[in-house]
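Trainee: Turn this into a model:
(one chain, ligands or ions: 2)
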Amino acid sequence: MMEDKGEKNGVAAMAACYQKFDPAAYLQYNYTPPRADFTRKDSIVPWKLACLHRALTEGDVSGELLVDIGSGPTLYQVMSGCEVFKKLILTDFLEVNRQELRRWLQDEGKCSLDWTPYLEHVCKLEGRRSSAWPEKAAKLRQVVADILPIDVHCSQPLAPDALPSAGADCLVSCFCLESVSPDMPAFTRALGNIQKLLRPGGHLLLIGALGESYYFGGPGVRIPVVPLDEAQVCSSLKESGYTLIRLEVYTLSQDMRVGVDDVTGVFFAKAKRD
Ligand SMILES: C[S@@+](CC[C@H](N)C(=O)[O-])C[C@H]1O[C@@H](n2cnc3c(N)ncnc32)[C@H](O)[C@@H]1O
Ligand SMILES: O=[N+]([O-])c1ccc2c(c1)CN[C@@H](CO)C2
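Mentor: Ligands and ions are numbered 1, 2, ... in the order given. All right, here's what the predicted structure looks like:
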């Protein structure tokens, strides 16, 4: 539950910003070249996919259930996890994003982005031929068990019976908490709220924006962001009950700054629930 009127107002204002979020535009802004260019070693999305692949295959992560917090309209963030966990749950605050995910998962066509290059790239990270991407697509469709509503500002972000009582074995969350929180205290509280969804000893794989104060969630849809630095990420993780295992940082080159936000860097944190 919220603690005071100020928090309620700040969170409500963020929710209002998201009413105009445009999944297709968001995908166009962030998940096409140059930010998603698989021919460039310095492109952001291949860097994110490599961080996730390494974190999930270096031997210390295991279990049954992976939950993605604030999935949005994107699937890249679970393309490695679908080979490691038997069950995946995707989540988002907006029905328009849950619908976008459903369209791909139910293979209905009419998706806003072609995920094939992503599937091909992750196949290559796994030492497979990129032509194995249809098998990976089928695997992803097979392991995603649900697409649920979520609000990270609630002390119970998911419906009471959404997860097994033991909690998830692993959480992934990308560009969510800092993009939905009105300020730093709310960001840290949200980290604590999702910590309760994870079993003790379970892993959190957190990707986020550094130095970002806004982004466009659609044409003219300017959404405020809590500007983070590495030290704040580390202290918030510690304060909300995680032990940091590794923090990696990507700094955007000029040509990755395409006018859709003022992000200066991207962090990848691998952490464990205490
Ligand atoms: C910047 S997008 C990130 C999308 C995706 N995870 C990615 O990596 O690009 C932020 C997402 O947070 C969702 N969101 C907004 N308010 C939220 C809340 N209170 N709790 C959880 N998610 C929220 C939005 O609907 C949006 O999909
Ligand atoms: O470069 N990227 O891959 C990428 C992907 C998503 C997002 C960003 C950058 C920066 N802005 C956030 C919203 O706060 C969303």
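
Trainee: Ramachandran angles for the residue nearest the centre of the chain?
Mentor: The centroid of the chain falls nearest to C174 when counting by Cα atoms, centre = their mean (2.3 Å). The phi/psi pair for C174 (degrees, to the nearest 10) reads phi -130, psi 120.

Trainee: On the pLDDT front, check whichever residue of the chain sits closest to ligand 1 for me.
Mentor: Using Cβ to the nearest ligand atom, G72 is the residue of the chain that sits closest to ligand 1, at 2.6 Å. Where you see a C-beta, it was placed from the backbone N, CA and C, and this is true even at glycine. Looking at G72, its pLDDT is 98.

Trainee: just the one 3 residues further on next, same as before
Mentor: pLDDT, the model's per-residue confidence, is 98 for L75.

Trainee: Any residue of stretch 5-23 touching ligand 1?
Mentor: Yes. Stretch 5-23 reaches ligand 1 (Cβ under 6 Å from any ligand atom) through 18, 21.

Trainee: Using CSV, write out every CA atom in that stretch.
Mentor: Extracted in CSV, the C-alpha atoms of stretch 5-23 (Å, rounded to 0.1, in the frame of the first residue of the first chain):
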residue,chain,number,x,y,z
LYS,A,5,-0.7,11.3,-0.4
GLY,A,6,2.4,12.5,-2.1
GLU,A,7,3.3,9.0,-3.3
LYS,A,8,-0.2,8.4,-4.4
ASN,A,9,-0.2,11.5,-6.5
GLY,A,10,3.2,10.8,-8.0
VAL,A,11,2.2,7.2,-8.9
ALA,A,12,-1.2,8.3,-10.3
ALA,A,13,0.5,10.9,-12.5
MET,A,14,2.8,8.2,-13.9
ALA,A,15,-0.2,5.9,-14.6
ALA,A,16,-1.8,8.8,-16.5
CYS,A,17,1.3,9.2,-18.7
TYR,A,18,1.0,5.6,-19.7
GLN,A,19,-2.6,5.9,-21.0
LYS,A,20,-1.2,7.2,-24.3
PHE,A,21,1.7,4.7,-24.6
ASP,A,22,1.9,3.4,-28.2
PRO,A,23,3.5,-0.1,-28.4
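
Trainee: This completes my enquiry, with thanks.
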